[in-house]
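> Test case, fold it:
(one chain, ligands or ions: 1)
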Amino acid sequence: MRLDEKPTGTAGQYRTACYVAPGTKRGASMDPLIEGYRRFRSRTWPGAHERYESLSREGQSPETLLISCSDSRVDPQTVFDAGPGEMFTIRNVAGLVPPYLPDASYHGTSAAIEYGVRVLNVARIVVLGHVQCGGIRAIVDGSPIPGPDFVEGWLKLAEDALKPLPTHLDHDHLLDYCETGVVKLSLANLRTFPWIADREDAGTLTLHGFRFGIRTGRLERLENGRFVAID
Ligand SMILES: [Zn+2]
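Numbering: from 1, shown residues only. Here you go, the predicted structure:
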């Protein structure tokens, strides 16, 4: 598809300048990003500039702190149809939250959580998991986790919590078990942060778990320990 070609069909609308069709040789050129920026300026900015100017003037006050996987197919802004200033977003491999561990290490995820909760005073925290998570699949399949410098150690957070895996489940149910378990783990770890537990007890902060299906585009909500489809 050429850059000046109009998208066609339902799926076509997302064949943006940055979209690389499967099988296409990847390039290092910045052109797709610049084209995307120009489209943002010509199509989006005219209808959005007042919102951006207001956010610039007033600062941000998002109600939602969103934690999700970095997977490029799971974009929280798109899934929740959110605009600028609405969600303070943290993305990392598998959308994990580590336990509260204030020490001298570089805690990027915990720092962003602290900023969202203690500085921005968000009203809700959402953990967004997803189907077909590569990190979770590696844990289920017992295959080597790619990324020995950092990814492996990071995913041990989940692996230690999930293993030993139940032996009575087939592969699909094991994936479901682990996808559910990872979101539950992140929610449990959020509650180890004392200022999150305090706010939840006081009723000024709520915690929620969701799972997004990449193929179906469907969202499920964690209710009583299992994912339930949202109409
Ligand atoms: Zn993932």
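> any idea which residue sits dead centre in the protein?
S68 (1.8 Å; Cα atoms, centre = their mean).
> quick one: it and the ion, what's the gap?
Between S68 and the ion the computed distance is 8 Å (Cβ to the ion, to the nearest Å). Using the backbone N, CA and C atoms, a C-beta is placed for each residue, glycine as well.
> outside of the lengthiest helix in the chain, which residues touch it?
Longest among the helix segments of the chain by residue count, using DSSP state H, is helix 171-190. Judged by Cβ atoms under 8 Å, 6 or more residues apart in numbering, the contacts made with helix 171-190 from elsewhere in the structure are 67, 94-100, 113, 125, 127, 129-131, 133, 136-137, 139-140, 157-158, 161-162, 165-166, 169, 196, 207, 209-211, 222, 225-227.
> now that helix, how far from the chain's geometric center?
Computed by Cα atoms, centre = their mean, to the nearest Å, the separation of helix 171-190 from the middle of its chain amounts to 14 Å.
> Enumerate the positions of it that are buried.
Of the residues in helix 171-190, 174-187, 189-190 count as buried by neighbour count, 16 or more other Cβ atoms under 10 Å.
> Flag the shaky bits of this protein, pLDDT-wise.
Confidence mapping of the chain against pLDDT under 70 gives the ranges 1-28.
> Please identify the residues of it in proximity to the ion?
Taking Cβ under 5 Å from the ion as the test, the list of the chain residues beside the ion reads C69, D71, C133.
> where does the first one fall, phi/psi-wise?
So the one you mean is C69. Listed backbone geometry of C69 is phi -70, psi 150, with angles given as degrees, to the nearest 10.
> try G142
Dihedral angles (degrees, to the nearest 10) for G142: phi 70, psi 20.
> now G225
Note on G225: backbone dihedrals following degrees, to the nearest 10 are phi 90, psi 0.
> Quick check: phi and psi at the residue nearest to the centre of the chain.
phi -150, psi 170.
> just the one 5 residues further on next, same as before
For R73, the backbone dihedrals (degrees, to the nearest 10) come out as phi -90, psi -10.
> so it makes contact with I214?
Yes. With contacts defined as Cβ atoms under 8 Å, R73 counts as touching I214 at a distance of 4.9 Å.
> Which neighbours do these two have in common?
Contact criterion Cβ under 8 Å, 6+ apart; residues bridging R73 and I214 by contacting each: H130, Q132.
> domain parsing for this protein?
Per automatic domain parsing, the domain ranges recorded for the chain read 1-59, 61-229.
> hang on, the earlier thing: for the residue nearest to the centre of the chain, give the beta-bridge partners.
In this structure, S68 bridges to R91, L128 when assessed by DSSP bridges.
> need the contact list for it.
The contact partners of S68, taken as Cβ under 8 Å, 6+ apart, are V74, P76, T89, I90, R91, G95, V127, L128, G129, H130.
> S110 too?
Residues touching S110, when contacts are defined by Cβ under 8 Å, 6+ apart, comprise P98, Y100, L101, P102, F193.
> element containing it, please.
Secondary structure assigned from DSSP states H and E places S110 in helix 108-114.
> Can I get that helix in PDB, CA atoms only?
Output for helix 108-114, consisting of C-alpha atoms alone and laid out as PDB, is shown next (Å, rounded to 0.1, in the frame of the first residue of the first chain):
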ATOM      1  CA  GLY A 108      11.100   2.400  36.500                       C
ATOM      2  CA  THR A 109       7.700   0.700  36.900                       C
ATOM      3  CA  SER A 110       7.400   1.500  40.600                       C
ATOM      4  CA  ALA A 111       8.500   5.100  40.000                       C
ATOM      5  CA  ALA A 112       5.800   5.600  37.500                       C
ATOM      6  CA  ILE A 113       3.300   3.900  39.800                       C
ATOM      7  CA  GLU A 114       4.300   6.300  42.600                       C
END
